[in-house]
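Visitor: got a structure for you, letters missing:
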């Protein structure tokens, strides 16, 4: 069964703690993405990766970090430097980062920081 | 820079009636355009895309969209709405000709569609 998995579905953390969100895909896609979704604001790109061991900042990378050590995995760390981390986080992948490809999305992780 | 506007936060339509969800875009080059749907607390599902060719694009679940270059629009349509179509719809654009923009997909803020029984 192919697709993108994100875990956990819900995550609760105390302010000041770093937290890592998992994203795994078995679609053999080269490109992977992290988005943040807030009510009424659509999706905003945090980071993307075109290939293993390479990634670029998106529009709102401050306070976040990523790694891409394996093709199938693209974890996102929300650091204590992120001023407003409570949001719905979506991971996506596509066969390539450029051109005509649509993106395939995971089910999302809802992070609440108090 | 590329951008997308979805001018309606919410669209209400009666079951069985045709529906339209509006989208306009701005890119410096040629656009690649996409529509996605999101059900509550779920990820986005791809509906359809325009890359080139025929201006009328057909997609999943009976949806279609019409690309209009002169009006820079890509409105989503369905001839007969179902209650199960109620969801959040996102339009997205990528600039086919721009170096940096060709990597990044820019999303609109979404339109909530409610189909009333």
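Guide: That came in fine, so what should we check first? Only a predicted model underlies this, so the values are computations on that prediction, with no experimental measurement involved.
Visitor: With adjacent residues omitted, what lies nearest to the residue of chain B found nearest chain A?
Guide: For chain B, the residue closest to chain A is residue B:43, as judged by CB to the nearest CB, at 3.6 Å. All C-beta atoms are positioned from the backbone trio N, CA, C, and that covers glycine. Across the structure, with CB to CB, 6 or more residues apart in numbering or on different chains as the measure, the residue nearest residue B:43 apart from its sequence neighbours is residue A:105 (3.6 Å).
Visitor: quick one: pLDDT of the one you found?
Guide: Reported pLDDT at residue A:105 in the predicted model: 95.
Visitor: That one: what's it in contact with?
Guide: For residue A:105, the contact set (CB atoms under 8 Å, 6 or more residues apart in numbering or on different chains) comprises A:4, A:90, A:91, A:92, B:36, B:43, B:44, B:45.
Visitor: repeat that for 6 Å
Guide: Listed by CB atoms under 6 Å, 6 or more residues apart in numbering or on different chains, the contact set of residue A:105 reads A:90, A:92, B:43, B:44.
Visitor: same deal with residue A:4?
Guide: Taking CB under 6 Å, 6+ apart, we find residue A:4 in contact with A:25, A:93, A:104, A:106.
Visitor: Dump the residues you listed into JSON lines; add secondary structure and distance to chain B as well.
Guide: Putting those into JSON lines (DSSP: H, G, I helix; E, B strand; the rest coil; distance: CB to the nearest CB, whole Å) gives the following:
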{"residue": "A:25", "secondary structure": "strand", "distance to chain B": "12"}
{"residue": "A:93", "secondary structure": "strand", "distance to chain B": "11"}
{"residue": "A:104", "secondary structure": "strand", "distance to chain B": "7"}
{"residue": "A:106", "secondary structure": "coil", "distance to chain B": "5"}
